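Undergrad: Next input, structure requested:
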Amino acid sequence: MTAKEIRQAFLNFFEQKQHHVVASAPIVVKNDPTLMFTNAGMNQFKDLFLGEAAIKYARVTDTQRCLRVSGKHNDLEEVGIDTYHHTMFEMLGNWSFGDYFKKEAIEWSWELLTEVYKIPKDQLYVTYFEGDEKQGLEKDQEAYDLWKQYVDESHILPGNKKDNFWEMGETGPCGPCSEIHVDCRKDEEKALVNGATLVNADHPQVIEIWNNVFMQFNRLKDGSLQSLPAKHVDTGMGFERLVRVLQEKTSNYDTDVFQPMIQFIAEKSGIPYGVDEKTDIAMRVMADHIRAISFVIADGQLPSNNKAGYVIRRILRRAVRYAYTFLNFKEPFLNQLVPLLADQFKGVFDGLVAQQDFVQKVVLEEEVSFLRTLEKGINLFNSYINSESDSSKTYGFSIDSISGEEPLKDRMILGSFAFLLSDTFGFPIDLTELMAREKGWSVDLKAYEQALKKQKDDSRAATAIDTGDWVIVNADDQSEFVGYDDLEIETEILKYRKVKAKGKEQYQIVLRQTPFYAESGGQVGDTGRLEDHSRQFWVDITDTKKENGLTVHFADILPDNLEGKFWAVVDEDKRVLTEDNHSATHLLHAALKQVLGQHVNQKGSLVNADYLRFDFSHFAKVTEEELAQIEVIVNQKIRANIKLKEQRNVPYQDAIESGVTALFGEKYGDFVRMITFDDHFSKELCGGTHVKATGQIGSFKIISESAVAAGVRRIEAITADKAEQYFLDQRRELGHLKALLNGSKDLSASVQALLDENARLKKEIEKTTLERVGNLKNEIVHHVRGINGVNLIARHIDLQSADAIKNLAFSLKDMVDNLFLVFTTEIDGKPGITVMLSDGLVRQGMNASNIVRELGKEIQGGGGGQPFYATAGGKNPADLAKVLEKAESFIPQG
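TA: Below you'll find the model as predicted:
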């Protein structure tokens, strides 16, 4: 069977078992503060397990794109080295929400594997939870008894809490699980070692392929377990591992999931796959990583230097580094894999197919950028080795020493320097070790690991959130949002909990009904007040967010009496201004498509009461003429006062067929909300709040256009009173300029005349300065002091141009052999030092960068540069004379 046939057979099997087939959720997680990426098939159903959303289908099946780069067996640096772990992978799954339980889950998993996929029964081992006395958890006898109906008891193995008790996190739904493992070894190996001893022992040929989780409990913050009101089934089967088993391969990478890309890489590199382990690993890394990179970008997350963007940039750079180092790809190549990947997933994940060109261009730009960075890192490494000292300061880098780091042994690279290469230039430690070995050096791995651990610990501490258990006030399964129609309602508190993040304590409150819009789709959450029924006491709602579909209100304190009725009151002024900006983004999106082309798609947005920010796909700077045209279109639509056409609960497919704009990377349900401003202009799927008619926006003004990332531009704009204030400020500024120019009627001509006059005066100053430099040069060259074969020039220079001083120094270098030059200067009250050395003195061991750093201490400053030329600045001009006195001390004694 091909990979596509295997995937479809799974979905067909469970569809025949009355499961509803759902689409994969985006790999980039939104509205869940505990996750950046979807890391398991159950993530999109988390709100169902928590009882925070209504169950539409009691039985569900899907194939889910997942990403894991940390945790057990998922360290990024290990991917590609073994044969069965990946960054991005597909999780085949079937779920029961309060419907069937262990009996059916076990029966159907066995039926699918042995009767549909025809895996020999004697190759399969199953596990069950053996119990845990400390936790008060009994052995899962039910699962054991059910498996005995299908499996020989010698193939039914007990598992401990680590392997056979699944938990969503420190708190939340959990329960025993039953894994299915397959022994892929050759018969002669099986005869020597019993497969049962290799289950969960990290054997590369005895691997887990399916996990059936039986959710029975809810873990509370104090560690205790509560029985869930309804029992659920959550299963996950690794698609890539399953394909490997069915195609009888010893490695996931040998299947038709990866081989097309690997063979393409082999062909283009001219290096065959399967000959050398180093080049094989490089090809596996590239074939694996391009999947994670492409799907994350397609789902809306661009590479960046923080959070999820940093993770994907790190994955991309690792792939490029392997291509560069082991496959000799010195030019961008990784992006060429995107079309192959898109074709492979056609009909499965069509979002990548639709955005193939965009994704490929983003990857290309990232490659170009990183190859430059990689070259810099290699040069820095070579400089470090060649100088046998901390030469990173010469390149403008400072290396933070590690607490407790031991002194270097001979020819050993500082652990903190190895960490700098890793963190700043993307050099994994194995590359630094390889480069070091080639030079006859080693790396202080202990100090490197210490620095790496510190970074991880700091990162965890910065993002740590201490979340308490929910305290139920009024029992109810659902909370309803009514904020499209009302900004003030009577309601009740359903539950609350205390959270602590970055040292600040807050409360999260859930209401039975709420008019507060929770942050989503780029629109910020509402603020306002929760007033008691007398309306004399209240707490401020400081923010509103979504968590797994639940609307959560943030407050610094709780009401004194949590029971009874409350008035939930949204800050209307802030909401109205936010709506102005949100509706304006829809008009802007449509205008961008009209002016720039239909390739424009939203790539991110921020909408609040002050301004709007809109990121979109476009591979060129938007010209001033285009921006003006866009502004005109948007303002025309505002003046037309187009009425909002809002349609709720529209079947998703009907909406798509109507020509609505849907955003990539969003998870839409079976029914959606359509926002239309003129059927022929702007029609989008959107859950945000909007103006009733465009005239409310008032006016629209673009205040900036810039690049965000490769292929992504950003427009920031203002509307309503902020736009009005902008125009008033511009008018005031214009009046001020006119006054400065004596009431000129032609400001452009007057300013141009000033610029021309300024340019003329600059040229005169430059001419005068050049003449002074020439005179000084001729004067100074006759006052050289010869000391131990070195020609010293040390004097204060009265020039007010740093460029002129530099030119003077280089001119003297050409005129004087064995030159050691030290200039002191004072420009605009700031002291400076210039050091120049002839090439011959540099070869003898003198270093201008080291000298200027020492001299800079005399003026309470510092600097650096190159071995032959360096500069320094400082704070204390009074001690410039000491610099000149000290200069002679750097001349080697004969």
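
Undergrad: Next up, the contacts around the residue nearest the centre of the chain.
TA: Nearest residue to the geometric centre of the chain (Cα atoms, centre = their mean): residue 309, 1.7 Å. Applying Cβ atoms under 8 Å, 6 or more residues apart in numbering, one finds that residue 309 lies in contact with 301, 302, 303. Just so you know, the C-beta spots here come from the backbone N, C-alpha and C atoms, and that holds for glycine as well.

Undergrad: wait, doesn't the first one sit right on residue 312?
TA: This points to residue 301. Yes. Residue 301 is within contact range of residue 312, at 6.2 Å (criterion: Cβ atoms under 8 Å).

Undergrad: Looking at the two, which one has more neighbours?
TA: residue 312 (29 against 23; other Cβ atoms under 10 Å).

Undergrad: On the three-state scheme, residue 540 is what?
TA: Following DSSP: H, G, I helix; E, B strand; the rest coil, we place residue 540 in the strand state.

Undergrad: what's the spacing between it and residue 523?
TA: 20 Å (Cβ to Cβ, to the nearest Å).

Undergrad: Could you check which of the two has the larger neighbour count?
TA: Using other Cβ under 10 Å, the more surrounded residue of residue 540 and residue 523 is residue 523, with 24 against 13.

Undergrad: What separation is there between that one and residue 565?
TA: 28 Å.

Undergrad: Quick one: neighbours of the spatially closest residue to residue 164 that is not a sequence neighbour, just the number.
TA: Leaving aside its sequence neighbours, residue 164 sits nearest to residue 129 (Cβ to Cβ, 6 or more residues apart in numbering; 4.2 Å). Neighbourhood size, residue 129 [other Cβ under 10 Å]: 25.

Undergrad: what do you get for the one 3 residues further on?
TA: Residues contacting residue 132 under the criterion other Cβ under 10 Å number 16.

Undergrad: pLDDT below threshold where in the stretch 201-350 of the chain?
TA: For the stretch 201-350 of the chain, no stretch has pLDDT under 70.

Undergrad: Going along the chain, name the strands of it.
TA: Remark: strands assigned in the stretch 201-350 of the chain by DSSP state E, counting those that start in this stretch are 206-219, 225-238.

Undergrad: between the last one and strand 206-219, how many degrees?
TA: Right, the one you point to is strand 225-238. Angle, strand 225-238 to strand 206-219, by axes from the mean of the first three to the mean of the last three Cα atoms, to 10 degrees: 150 degrees.

Undergrad: Send me strand 225-238 as PDB with only the CA atoms.
TA: Only the C-alpha atoms of strand 225-238 are listed here, as PDB (Å, rounded to 0.1, in the frame of the first residue of the first chain):
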ATOM      1  CA  LEU A 225      -7.900  12.500  40.900                       C
ATOM      2  CA  GLN A 226     -11.600  13.000  40.300                       C
ATOM      3  CA  SER A 227     -13.600  10.700  38.100                       C
ATOM      4  CA  LEU A 228     -14.900  12.400  35.000                       C
ATOM      5  CA  PRO A 229     -18.700  12.600  34.500                       C
ATOM      6  CA  ALA A 230     -18.300  11.100  31.100                       C
ATOM      7  CA  LYS A 231     -15.500   8.700  29.900                       C
ATOM      8  CA  HIS A 232     -13.700   9.400  26.600                       C
ATOM      9  CA  VAL A 233     -11.400   7.500  24.200                       C
ATOM     10  CA  ASP A 234      -8.500   9.300  22.700                       C
ATOM     11  CA  THR A 235      -6.300   7.300  20.300                       C
ATOM     12  CA  GLY A 236      -3.200   8.200  18.300                       C
ATOM     13  CA  MET A 237      -1.300   6.200  15.700                       C
ATOM     14  CA  GLY A 238       1.900   7.600  14.200                       C
END
